[in-house]
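Enquirer: Provided below for reference: sequence and predicted model.
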Amino acid sequence: MLFACESKKEKDCCEKENQTKCEKEMKAPYTKKYTNADFYKDGVFQPEVAKKAFYEMFEYYGYPVTDFVEKEAWYTDFGMGDFENCGMGGIFFVNDPEAGYFAHDIYLLPGQMIPEHSHVATKFPAKMETWMVRNGSCYNFTELGEPKADAEKIIPASQLATTKSKNYVVQNVGDIIHLGKIGSWHFLLAGENGAIVHEWANYHDGAGLRFTNPKAKL
């Protein structure tokens, strides 16, 4: 939805040669469009509906859907049955055990949380991670530091009982945050406009992934 160019700022914007940029600056913020009623049919998660929801967010933010993204991106509710509030989409651009490096994009719909987790050493070192928000915003939660007073109001009800991380930093576009301590519990939770987040790390070994919620699974 676009707004009319009524104010001086808007008129100046609309007079720019780059009309596409102007329209982007004036369109309404991306907001939540789907609920669990959309994501489940007879209790079964519908990944194609999740994909549709993310593709709408990609279009809004101008995130390129390349052939690689179309083929390799994945969408999961981690077996939680609450994709509206707990789940994610993502893509591994590289995950090289020999060279020991990893590049990942994380996709989160508005208000969606990745289940709280940590990474432990296997035959590979425990994962160290760095995140940078590309679009939207997120709450970057950690078990380290003092709990925030409003943390339990932000964490989805389906995850609250098992969540250890109650301290967070609001991470906006361009903000870079490193995992505070290797092996610590942590998670990301999207703000009201969703989030697309770049992640870099050493090799990601799924065998070293641990969740606090016993229902969560890959």
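Expert: Perfect, I can see it now. Numbering: from 1, shown residues only.
Enquirer: how close does residue 50 sit to residue 91?
Expert: Separation of residue 50 from residue 91 (CB to CB, to the nearest Å): 14 Å. In this view, the C-beta of every residue, glycine as well, is placed from N, C-alpha and C.
Enquirer: for the two, work out which one has more neighbours and name it.
Expert: residue 50 (23 against 16; other CB atoms under 10 Å).
Enquirer: can you tell me what sits against the top helix by length along the chain?
Expert: In the chain, with assignment by DSSP state H, the single longest helix is helix 47-61. Helix 47-61 is contacted from outside by 27, 30, 33-34, 38-39, 63-65, 73, 75-77, 83, 87, 89, 107, 109, 134-136, 194, 196, using CB atoms under 8 Å, 6 or more residues apart in numbering.
Enquirer: keep only those of the residues you listed that are in helices.
Expert: The members of the contacts of helix 47-61 that map onto helices under DSSP H are 38, 39.
Enquirer: surely residue 187 meets residue 118?
Expert: No: look at residue 187 against residue 118 with CB atoms under 8 Å: they stay out of range, at 9.7 Å.
Enquirer: now do the contacts for residue 123.
Expert: Contacts of residue 123 (CB under 8 Å, 6+ apart): residue 205.
Enquirer: helix or strand: which one has it?
Expert: Under the criterion of DSSP states H and E, residue 123 resides outside all helices and strands.
Enquirer: please renumber the chain so that the first residue is 36 from this point on.
Expert: Noted, 36 is the first residue going forward, which turns the last one into residue 158.
Enquirer: can you report phi and psi for it?
Expert: phi -80, psi -10 (degrees, to the nearest 10).
Enquirer: residue 122 too?
Expert: Taking degrees, to the nearest 10, you get phi 170, psi -170 for the backbone angles of residue 122.
Enquirer: for it, what are its contacts?
Expert: Going by CB under 8 Å, 6+ apart, residue 122 touches 85, 110, 111, 112, 113, 115, 147, 149.
Enquirer: so which elements touch the top strand by length along the chain?
Expert: Counting by DSSP state E, the longest strand found in the chain is strand 221-236. Contacts defined by 3 or more CB pairs under 8 Å, 6 or more residues apart in numbering; DSSP states H and E place strand 221-236 against helix 82-96, strand 136-143, strand 152-154, strand 164-177, strand 202-206.
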